[in-house]
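>>> Build me a model from this:
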Amino acid sequence: MLSSPDGIDAAQQLANRYELQTATSNHGCPAVHMYVYAGSPQKVSQAMASKWSNEHLRDLGPRPDVWLRESGSEVDKTATPSPIAEEYSVASSPLVLATADRATVAALGTQRPGNWAETFDKASRTDRGVLRPDPTTSSTGELATALLYGIDQPADQPRARAIEQLIGRTLDRDDYPLGDGLAMLCRERELTPPRNSMIVSEQAVLRFNTGAPLGGRCAAGTGRLSSQEQLKAFYPSDTRGLDIRFARLSWSDASQGRAAARFGDWLVSDDGQQTLLAVGLRPNGVTIRDPLSEQNGVLPGATVKDDPVPLEALRAAMRQYDLAHRQGRVLLALDASGSMGAAVDNGQTRFTVAGEGVRRAIELMGQHDEFGLWLFASGRVGAAIQEPVPIGPRDGPVNGVSRRDAAVAALSRTTPAGGTPLLRAIRDGVAAVGPSDDSRIRALVVLSDGEDTSSGLTLGQVKEAVAAADVRIFVIAVGETHCAAETSRVLSADSGGACYDINAGDAGVQLAEVFAALWGKAAR
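Now for the predicted structure:
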């Protein structure tokens, strides 16, 4: 079963409950075993359009029999033949503005605070900011963007840009990660007390307030939060909900198709509906009541418009977002030490696989995005970082050729050798990128297969430089290094970035995903 990143835990709980239910009538043996995994809306959209090609089998996961999806723009329903054999709604979760900040609660009042435009304006006039999941990686973020911009009367470009600038400032100020709603809420849980207003689903508020696991650094639950720490949810008058839909895919064989259909039947049965309630979703026709209650931060009796946001409205909002969001200024520091010459699949090396990822990532650049490439390797303490592609705009030439061609040429003539001056590359890299601002999100992406061997610097010295730089650090750890290593874990988490443990053969895919998020594009 395929789920969204935000919905993976609920999907797993539903699968577990269904397996137990089938066991009760089968002598204690489950009639089905369900493998549950998640994919971002953009990845899933591409996979569905390609009928789940071998590339998506590798990058995303096995071809699903069931898709528990949050209605959005993932599927082109005009495609022929459709990958969906059967689809229907089973539950919903409205989008809310949630906050634990007393000043914001007072500004919004005890009743509905108006429509989304008015709610956003009231919340943004306090000392706190407003956050929204990344619309390029989250169905919640996509729907939230459409609601913020306006569905019936879309905002003009200056207002859309002002919305994105305020959200960007809030993300940067408290080092929130770029990503889905649960990652954002995990960071909020780490802040004491919770600080900012967030546009999330009602289900996500319930997970936060009850101390449920949120994934990542918040994989362990904390238990129910105190009333002061809980988020209060406000329901703007024009809010809409995520439509949680059961979809059975057409490519399943006959036996798997029948098993998938039986799971769909269970979701709309009494037992399935009660399980949906237990994971914080609203089964069809169910209004708010326990466990969706005021003690969990939800206003009793709140209702939501049932009509879904039209697909074209979602796509129009994303086109407007593409023009309004902050541009990216990204420096890639690529390990060129000797260990990067180690062989991986198909006769390639760690370095050549990474080089393919760089080429793929550059293709995602927008006209006004900026990119630079550094290579770091040394044979002695304090040396040597090469700067074959200085940071600059996509269409700005480098030595008479395009930025992409300059990067490809630099990679093709490099033979990995020497030690790993990782800390020096990070310290100098954040200084070169410069701090984020209203116009640009700035990030250092580091791909390395080992710990520092030749910088002559301490982690403490580099932490000071990172703290002063206001630059996000993303670490892609391959080979012998891991995100558990102190350098990768501390520097990425403290800067609002992330660290990814991957197989060397997947380096290109991960690079493309990171750059897509920074440039506000869907990874292709």
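
>>> and residue 489, what does it touch?
483, 499 (C-beta atoms under 8 Å, 6 or more residues apart in numbering). Just so you know, the C-beta spots here come from the backbone N, C-alpha and C atoms, and that holds for glycine as well.

>>> likewise residue 438?
Residue 438 makes contact with 165, 168-169, 326, according to C-beta under 8 Å, 6+ apart.

>>> Name the member of the residues you listed with the most neighbours.
Most neighbours among the contacts of residue 438, by other C-beta atoms under 10 Å: residue 326, with 25 neighbours.

>>> Hmm, that one is touching residue 167, no?
No: the criterion here is C-beta atoms under 8 Å, and residue 326 misses it with residue 167 at 9.1 Å.

>>> Look up which helix or strand residue 359 falls in, please.
If you go by DSSP states H and E, residue 359 is part of helix 350-362.

>>> Go through that helix and flag the buried ones.
350-358, 360-362 (16 or more other C-beta atoms under 10 Å).

>>> can you check stretch 125-143 too?
For stretch 125-143, using 16+ other C-beta under 10 Å, the buried residues are 126, 128-143.

>>> Just want the most central residue of this protein.
Nearest to the mean C-alpha position of the chain, counting by C-alpha atoms, centre = their mean, stands residue 179 at 2.6 Å.

>>> Quick check: that one vs residue 395, distance?
29 Å (C-beta to C-beta, to the nearest Å).

>>> can you tell me the average pLDDT over stretch 174-191?
Mean per-residue pLDDT for stretch 174-191: 88.

>>> Ends of it, what's the gap?
In stretch 174-191, first residue to last residue: 9 Å (C-alpha to C-alpha, to the nearest Å).

>>> Same check on stretch 106-115?
Per C-alpha to C-alpha, the first residue of stretch 106-115 is 17 Å away from its last.

>>> Spit out the contact partners of residue 180.
So residue 180 contacts 4-6, 40, 133-134, 137-138, 140-141 (C-beta under 8 Å, 6+ apart).

>>> Let me know whether residue 172 touches residue 443 as I believe.
No: contact between residue 172 and residue 443 fails when scored by C-beta under 8 Å: they sit 11.0 Å apart.

>>> what about those two, which has more around it?
Taking neighbours as other C-beta under 10 Å, residue 172 and residue 443 compare with residue 443 leading, 27 against 21.

>>> quick one: strands adjacent to the strand or helix carrying that one?
Using DSSP H and E, residue 443 maps to strand 440-448. Looking at strand 440-448 with DSSP bridges, its partner strands are strand 327-335 (parallel), strand 472-477 (parallel).

>>> out of the ones you listed, which comes closest to residue 147?
Among these, strand 327-335 comes nearest to residue 147, with 23.8 Å by C-beta to C-beta.

>>> list the buried ones in the closest one?
Neighbour-count burial for strand 327-335 flags 327-335 (criterion: 16+ other C-beta under 10 Å).

>>> what do you get for stretch 218-235?
Quick answer for stretch 218-235 (16+ other C-beta under 10 Å): 218, 225, 229-235.

>>> hmm, back to that, right, and the pair among the contacts of residue 438 with maximum separation?
For the contacts of residue 438, the farthest-apart pair by C-beta to C-beta is 169 and 326; their separation is 9.9 Å.

>>> which residues are in contact with the helix or strand hosting residue 203?
In this structure, residue 203 is located in helix 202-209 according to DSSP H and E. Helix 202-209 is contacted by residues 6, 9-10, 93-96, 98, 140, 181-182, 185, 188-189, 212-214, 224-225, 230-231, 233, 241, 279-282, 291-292, 296-298 when judged by C-beta under 8 Å, 6+ apart.

>>> per-domain residue ranges of the protein.
Domain segmentation of the chain under automatic domain parsing yields 2-91+242-288, 93-240+309-320, 326-519.

>>> can you give me the helices for the stretch 51-200 of the chain?
54-59, 102-108, 116-124, 139-149, 157-173, 181-190 (DSSP state H, counting those that start in this stretch).

>>> helices and strands around the third one, which ones?
Helix 116-124 makes packing contacts with strand 84-99, helix 102-108, strand 130-131, helix 139-149 when contacts are defined by 3 or more C-beta pairs under 8 Å, 6 or more residues apart in numbering; DSSP states H and E.

>>> pLDDT of it, averaged?
Rounded mean pLDDT across helix 116-124 is 92.

>>> That helix to helix 139-149, inter-axis angle?
Helix 116-124 runs at 100 degrees relative to helix 139-149, counting by axes from the mean of the first three to the mean of the last three C-alpha atoms, to 10 degrees.

>>> Distance from the chain centre to helix 116-124, please.
The chain centre lies 24 Å from the centre of helix 116-124; the measure is C-alpha atoms, centre = their mean, to the nearest Å.

>>> Next, the residues that contact it from outside, please.
97, 99, 104, 107-108, 113-114, 130, 147-148, 150, 155, 163, 166, 197, 234, 236, 238-239.

>>> angle of it against helix 157-173?
Using the same axes, to 10 degrees: helix 116-124 against helix 157-173 is 40 degrees.

>>> Just the buried positions in helix 116-124, please.
Neighbour-count burial for helix 116-124 flags 116-117, 119-120, 122-124 (criterion: 16+ other C-beta under 10 Å).

>>> Show the contacting residues for the residue nearest to residue 233 when sequence neighbours are not counted.
Take residue 233 and drop its neighbours on the chain: the residue closest to it by C-beta to C-beta, 6 or more residues apart in numbering is residue 96, 4.1 Å away. Listed by C-beta under 8 Å, 6+ apart, the contact partners of residue 96 are 199-202, 205, 233-235, 239, 298.

>>> So, low pLDDT: which residues of the stretch 201-350 of the chain?
Counting by pLDDT under 70, the stretch 201-350 of the chain contains low-confidence ranges at 286-306.

>>> picking up where we left off before, from the helices of the stretch 51-200 of the chain, which stretch is densest packed?
Across the helices of the stretch 51-200 of the chain, averaging neighbours per residue (mean count of other C-beta atoms under 10 Å) puts helix 139-149 on top, at a mean of 27.

>>> Which strands or helices does that one pack on?
The contact analysis (3+ C-beta pairs under 8 Å, 6+ apart) places helix 139-149 against strand 66-70, strand 84-99, helix 116-124, helix 157-173, strand 197-201, strand 241-249, helix 311-324.

>>> quick one on the thing from earlier: and which of the contacts of residue 438 is nearest residue 508?
Distance to residue 508, by C-beta to C-beta, is smallest for residue 326 among the contacts of residue 438, at 25.2 Å.

>>> How many neighbouring residues does residue 497 have?
Neighbours of residue 497 (other C-beta under 10 Å): 23.

>>> nope, residue 401 is what I meant
The burial count for residue 401: 12, using other C-beta under 10 Å.

>>> Show me what it is bridged to.
residue 398.

>>> circling back to that earlier point, out of the buried residues of stretch 218-235, which comes closest to residue 506?
Nearest to residue 506 out of the buried residues of stretch 218-235 is residue 218 (C-beta to C-beta; 24.5 Å).

>>> Provide a list of residues in contact with that closest one.
Applying C-beta under 8 Å, 6+ apart, the residues contacting residue 218 are 182, 185-186, 189-190.

>>> between the buried residues of helix 350-362, which is closest to residue 370?
Among these, and counting by C-beta to C-beta, the member closest to residue 370 is residue 362, at 11.6 Å.

>>> I'd guessed the closest one sits against residue 371; true?
Yes: using C-beta under 8 Å, residue 362 is in contact with residue 371, at 6.5 Å.

>>> Between those two, which contacts overlap?
Taking C-beta under 8 Å, 6+ apart as the criterion, residue 362 and residue 371 both touch 394, 403, 407.

>>> I am finished for the moment; much appreciated.
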